[in-house]
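S.K.: give the three-dimensional model of this entry:
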Amino acid sequence: MVAVESVRGYVVSHLGRIGRASDADDVLQDIRVAVWDGVARGRYRQLPGVPFGAWVQGICTNVCAAHIRWEMSHKTYPLLGDPAACDGTASLDAAVLLGMDRAGGRSCEKIVDQEWARTIIELTRTSVSARDWELALGSIAGPRRYGPPSPQDRRRWHAATVVRQTARTVEKALEVEPEAVCNIGQLCEQAAACLPTVVLRRTAAAIVRPGVRGPARTTALAAVAAELGVTERYVAVQIGFARRLYQAAWRIIRTGMQGVA
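M.R.: Purely as a prediction, here's the structure:
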């Protein structure tokens, strides 16, 4: 874990080239899981004169490259502009575009279901704090800065990550078919499955959903940490965020069920 943390600067620098420095924590988590999995499966072989950090750097390079390729080839929701003020027309301005081809296409034909995107943005905005929303907008819309990140930069990047992961959760929850959810148990299971990362999904399923407390939580923390190859402290700090995402997904799925009823 110390070796993985040592590549943070590399990750931030490379993601920053495409304006995605706020993805650093997500990518670092992917690197942690890949390193842990490689060690557990015996893929790492110690060689004379070759430090462990060099192997981690190789994994870091591959994971960063894969993430950048994915980001450059997928549509995104910039989460800019006020959905309530939108007149329904398709603006070609990337700052207010609800969906666009990151590979460079800016044709209106590439915008996928603007009403769907607008719904996601509206639900995301109501599911995060006003402070996180404003900081996220500042992170995306503000001028690019080069050099070591300031504390304010880190706060904006964190807020952008919160908003982005909330948007992913909202999108997954909207995709759940209400007819497939027959009872509260299935509702809770589906809500936990909507969270955007493995750590958040497992935290929601094993700790948030059953509402474990006291010694039972300590046991559950240890089990999730061992399963995912992260520290118990890392899982513990995810609980609050996992709970907020779980509750947002639960409300959206529940509303869909009521609409069908």
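S.K.: quick one: contacts of stretch 213-228?
M.R.: Stretch 213-228 has contacts (CB atoms under 8 Å, 6 or more residues apart in numbering) with 33, 36, 198-199, 202-203, 206-207, 212, 231-232, 234-236. (C-beta placed from N, C-alpha, C; glycine too.)
S.K.: which stretches in the stretch 1-150 of the chain count as strands?
M.R.: 75-76, 100-101 (DSSP state E, counting those that start in this stretch).
S.K.: mean pLDDT for these: which is lowest?
M.R.: Note on the strands of the stretch 1-150 of the chain: strand 100-101 shows the lowest mean pLDDT, a mean of 35.
S.K.: can you name the helix or strand that residue 212 falls in?
M.R.: Under the criterion DSSP states H and E, no helix or strand holds residue 212.
S.K.: torsion angles phi and psi at it?
M.R.: The phi and psi torsions at residue 212 (degrees, to the nearest 10) take the values phi -70, psi 150.
S.K.: give me the nearest residue to it, chain neighbours excluded.
M.R.: Excluding its sequence neighbours, the residue lying closest to residue 212 (CB to CB, 6 or more residues apart in numbering) is residue 220, at 5.1 Å.
S.K.: how near is that neighbour to residue 210?
M.R.: 8 Å (CB to CB, to the nearest Å).
S.K.: more neighbours: these two, which one.
M.R.: residue 220 (22 against 14; other CB atoms under 10 Å).
S.K.: where's the more buried one, which helix or strand?
M.R.: For residue 220, the host element (DSSP H and E) is helix 214-228.
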